[in-house]
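1. Quick one: sequence and predicted model below, then my questions.
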Amino acid sequence: MVKIVLMALIAFGVQLHAADQKFNLKFNMLKLNAEMGSARESMIRNDRAEALKVFKRLKTEVHDLLSNKEKIESMLPSEKKQKSSIALESAKLIAENIELIEDAYGENTRDLTPRKRQIKAQRAYTSIELACFHCHNLVRDEL
């Protein structure tokens, strides 16, 4: 009887851990989505200083969440753990495009007109969105 109760408790604990990981993944994705919304709003308002602050936070959060293969695998369902490289690649693309935005909004852009700097930043933003979709599709799609 004790053995059955112990096994039931272990199984319940494993289920709670899986549910907790799923919640953390969803929570973190919603958090990153909110940061992207803030970044978009600041870019639309042409508030470069605010956009740079938001992208700096986003870069840190993406790095913390998606740059460690073991951490990613711990959050993914067991049948998708082998696809953790998609999240790693997404994190890399996001970081590279944030650097493009930082460059476009930076001080050393005398060679670019304000319009060209704006276009460069906007293209990088849409590339970040695409990288986000790759990762979101990994989690959402039932393949």
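-> Okay, I see it. Numbers count the residues shown, from 1 in each chain.
2. Please enumerate the helices of this structure.
-> 2-44, 48-66, 69-75, 84-105, 114-140 (DSSP state H).
3. weakest of these in terms of mean pLDDT?
-> Mean pLDDT is lowest for helix 2-44 out of these, coming in at a mean of 66.
4. any idea how far Pro114 is from the spatially most central residue of the chain?
-> For the chain, the residue whose C-alpha lies nearest the mean C-alpha position (Cα atoms, centre = their mean) is Val62; its distance is 4.5 Å. Per Cβ to Cβ, to the nearest Å, Val62 is found 28 Å from Pro114. Any C-beta I mention is one placed from the backbone N, CA and C, and that applies to glycine too.
5. Kindly report the same for Ser74.
-> On the measure of Cβ to Cβ, Ser74 and Pro114 end up 44 Å apart.
6. ok, now Lys120?
-> 11 Å.
7. more neighbours, these two?
-> Using other Cβ atoms under 10 Å, the more surrounded residue of Lys120 and Pro114 is Lys120, with 17 against 9.
8. before we move on, back to that, show the contacting residues for the residue nearest to the centre of the chain.
-> 32, 91, 94-95 (Cβ atoms under 8 Å, 6 or more residues apart in numbering).
9. And Ala39, how far from Ser90?
-> In this view, Ala39 and Ser90 are 16 Å apart by Cβ to Cβ.
10. same check, this time on Ser84
-> Counting by Cβ to Cβ, the gap from Ser84 to Ser90 is 10 Å.
11. Arg123 too?
-> Arg123 sits 17 Å away from Ser90, going by Cβ to Cβ.
12. ok, those two, which is more surrounded?
-> Set side by side, Arg123 and Ser90 show more neighbours around Ser90, with 22 against 14, by other Cβ under 10 Å.
13. and the more buried one, how far is that from Leu65?
-> Using Cβ to Cβ, Ser90 is found at 10 Å from Leu65.
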